[in-house]
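Peer 1: Build me a model:
(2 chains)
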Amino acid sequence: MNNLLKGLVSRTAWYGLFILAIIQALGPIIWMLIGSVKTSSEFYRDPWGLPATPQLSNYIEAMSQSGITSGLWNSVTVVLLGTIILAITAGTTAYALTRYRFSGEKLVFSLILLTMMVPPDVLIIPLFTVLRSIGLLGNLFGLAFLYAASGFGMATLLLRGYFISIPVELEEAARLDGANFWGVLRHVVIPLSLPGFASVLAIQAMSMWNDLYLAFVFVRDPALATAPVGLLSFFQRDSINWPFLLSALATLTLPVLIVFALLQKRFVEGMLKGGIK
Amino acid sequence: MKQITSKTLYGPYLLVLPGAILIGIFLIWPICYGIWLSLYNFDGMNISGEASLANYIAVLMDKDFQNALSNTTIFAVITVVGKNVLGIALALLASIKLPGMKSAQLLLFLPVTLNIVVIGAFWTYFLGSSQFGGLLNSGLEAIGLSQYAKSWLSTPGIALIVLAFIEVWRWAGLHMLLFLAGLQSIDPTLYEAARLDGAGKWARFRHITLPALLPIIGASTIFALIGAYVRSFDVVWVLTRAGFDTEVIATFIYREAFTYGRFDKAIAAGLILTIFLSAIFLITRLIKPKGGQNE
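Peer 2: Numbers count the residues shown, from 1 in each chain, chains lettered A, B, ... in the order given. From the prediction side, this is the model:
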């Protein structure tokens, strides 16, 4: 009986701690979602309580602001571009490093290491002048290339990990059946590494989507600002329409949460592998 | 492992080419160009003067840089300790075998996926004046500690610490996952043997768990250092706009270049940071073989 009671108490205590941990993690998200469907006066009266009736119209109102829709649109564009550039460059490099021995391989590896040692964050001023001299300063193309370059090292190493797990025999069999290089890629390599490929790209796309710093420094034109940069200027105003801001922020957050919910374990796994290396 | 050695039209060099171009333009060129530029006077447009190390000396002697460096170091110390301690605590909590714990691990990771503007909006509100519903200050007032209520993000000496706490909170889920992976690699029979030898909970933690987690503590520390020295612009800028008390190296670099037009000094400061970071990286590479981690 005593043991049973002790077990019950410790169990309750652990769950209690765990609930606290969950609250600290989810609190801001829940606050944002609830706040995003309040009326302004409700928000000021009771910023932490529930609304009488959820105001979904806040979202419609936020979306009708050209600044916010264009920000989201710019974000989508730059993330798509950046992800495509990254998929091509990291994919081909990773494949070469998996299936070929060539002189210069070591050099490629040390360059990959270098990309992880020197993130663009410390190079912003030289990057600024380089981008200006090739005409990529202040536009979304330049930003997309920067994002791809900053994710390149980690993505290549992770993708190599997935490619290595594909048996060479499968590729050779396809080759014997008359498939050329692209055929092997299309019918063997890409399908077999797709889950890994998708998770690597999803993680990179998330950090592009969430980036503030590079977008803030390199794209100064308000018409081309990405959503986080645009919303930052809303946020740093003296008078903030909170429900309105929160519904815009929720719109920015929901796609990430959906992708995370879909990929879950895989996403986390990729993040860990990328982190440990 | 087996490699394809047959000569194809699409040789490895052709495959490496797109990546090489990307890295060449967006990493190698800026590094080399930056090193060269840092030796001259450069206002963003015109290059002038004789090659010298004057910019580096000017940065190191600059009171604002020294202030930013010391702020960044305080920020780094708090976040390194905080991320490790909170990461281990959350990992221990999340590894307790009770129903429902597994799926809850993913929930604890969620703050990592949040945009910095969302984080900024929440903490600005949470830490704000009680008049406008700032939860921390109203809580303090409710329990009779109103003398401790303050504007947390603009009080000198406090704001930087608060920023470090927010940074720890933001990344705790990632560090938890790192430590969870470490915990799972510990052989459970070790604990059993220690228990039979009469080792208590704390002794088991000290002599089994902690030594096994050492390589992870190393990795987690590097993350935290990079977070503090390189990636701290957004959290500082969004929450405080980087006043004197919360100026970090990243915001110093930004201000030197884009507010004062001293591009030469900004580049030199960035390169000093790069050298510092590379040193950390190389040191850990040299220590690593002992841990036995392989690619």
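
Peer 1: Low-confidence regions, the chain specifically.
Peer 2: Unless you meant another one, I'm taking chain A. Low-confidence segments of chain A, defined by pLDDT under 70, are located at A:1-2, A:238, A:274-277.

Peer 1: oops, chain B please
Peer 2: Within chain B, the stretches with pLDDT under 70 are B:1-10, B:287-295.

Peer 1: residue closest to the middle of chain A?
Peer 2: When chain A is reduced to its mean C-alpha position, the closest residue under Cα atoms, centre = their mean turns out to be residue A:206, at 0.7 Å.

Peer 1: just checking, next helix/strand downstream of whichever strand or helix holds residue A:16?
Peer 2: Secondary structure assignment for residue A:16, by DSSP states H and E: helix A:2-35. Using DSSP H and E, the helix or strand that directly follows helix A:2-35 along the chain is helix A:40-45.

Peer 1: That next one: what's the following helix or strand?
Peer 2: Past helix A:40-45, further along toward the C-terminus, the next helix or strand under DSSP H and E is helix A:57-63.

Peer 1: Can you see whether that next one contacts chain B, counting any residue in it?
Peer 2: No - in this structure, helix A:57-63 remains apart from chain B according to Cβ under 8 Å from any Cβ of the partner chain; the gap is never smaller than 13.6 Å. In short, each C-beta sits where N, CA and C put it, glycine included.

Peer 1: Give me the distance between the two termini of stretch A:95-103.
Peer 2: Its first and final residues considered, stretch A:95-103 spans 15 Å by Cα to Cα, to the nearest Å.

Peer 1: Residues touching that stretch, excluding its own?
Peer 2: With Cβ atoms under 8 Å, 6 or more residues apart in numbering or on different chains as the test, stretch A:95-103 has contacts from A:105, A:108-109, A:156, A:159-160, A:163-164, A:168, A:171, A:185, A:189, B:3-5, B:11-13, B:15-16.

Peer 1: If you count neighbours, what's buried in that stretch?
Peer 2: If you call a residue buried by 16 or more other Cβ atoms under 10 Å in any protein chain shown, then stretch A:95-103 has these buried ones: A:95-100.

Peer 1: Can you pull up the residues of the stretch 151-277 of chain A that come close to chain B?
Peer 2: That would be A:152, A:156-157, A:164, A:168, A:171-172, A:181, A:206, A:209-210, A:212-213, A:216-217, A:228, A:231-232, A:235-236, A:242, A:245-246, A:249, A:252-253, A:256-257, A:260, A:264, A:268, A:271-272, A:275-277, which are the residues of the stretch 151-277 of chain A within reach of chain B (Cβ under 8 Å from any Cβ).

Peer 1: Return the members of the residues you listed classed as buried.
Peer 2: The neighbour-count test (16+ other Cβ under 10 Å) applied to these identifies A:152, A:156-157, A:171, A:206, A:209-210, A:212-213, A:216-217, A:228, A:231-232, A:235, A:242, A:245-246, A:249, A:252-253, A:256, A:260, A:268, A:271, A:275 as buried.

Peer 1: Those residues in helices, which ones?
Peer 2: Mapping those onto helices (DSSP state H) picks out A:152, A:156-157, A:171, A:206, A:209-210, A:213, A:216-217, A:228, A:231-232, A:235, A:242, A:245-246, A:249, A:252-253, A:256, A:260, A:268, A:271, A:275.

Peer 1: so where do the strands sit in chain B?
Peer 2: Across chain B, reading from the start of the chain, the strands by DSSP state E fall at B:41-42, B:47-48.

Peer 1: ok, and does the last one reach over to chain A?
Peer 2: No - Strand B:47-48 does not reach chain A (Cβ under 8 Å from any Cβ); its nearest approach is 9.9 Å.

Peer 1: quick revisit: which one of the strands of chain B lies nearest to residue B:253?
Peer 2: Comparing the strands of chain B by their distance to residue B:253 (Cβ to Cβ), the top pick is strand B:41-42, with 13.9 Å.

Peer 1: And the closest one, how far out from the chain middle?
Peer 2: Taking the mean C-alpha point of strand B:41-42 and that of its whole chain, the gap between them comes to 31 Å (Cα atoms, centre = their mean, to the nearest Å).

Peer 1: Counting neighbours, which bits of the helix holding residue A:16 end up buried?
Peer 2: Residues A:18, A:21, A:25, A:28-29, A:31-35 are the ones in helix A:2-35 that count as buried (16+ other Cβ under 10 Å).

Peer 1: which of those come close to chain B?
Peer 2: A:18, A:21, A:25, A:28-29, A:31-32.

Peer 1: Kindly report the domain assignment for chain A.
Peer 2: Structural domains assigned to chain A are A:2-35, A:57-276, following automatic domain parsing.

Peer 1: Tell me which residues touch the residue lying closest to residue B:284 once chain neighbours are set aside, please.
Peer 2: Nearest residue to residue B:284, sequence neighbours excluded (Cβ to Cβ, 6 or more residues apart in numbering or on different chains): residue B:222, at 5.9 Å. Going by Cβ under 8 Å, 6+ apart, residue B:222 touches B:280-281, B:284.
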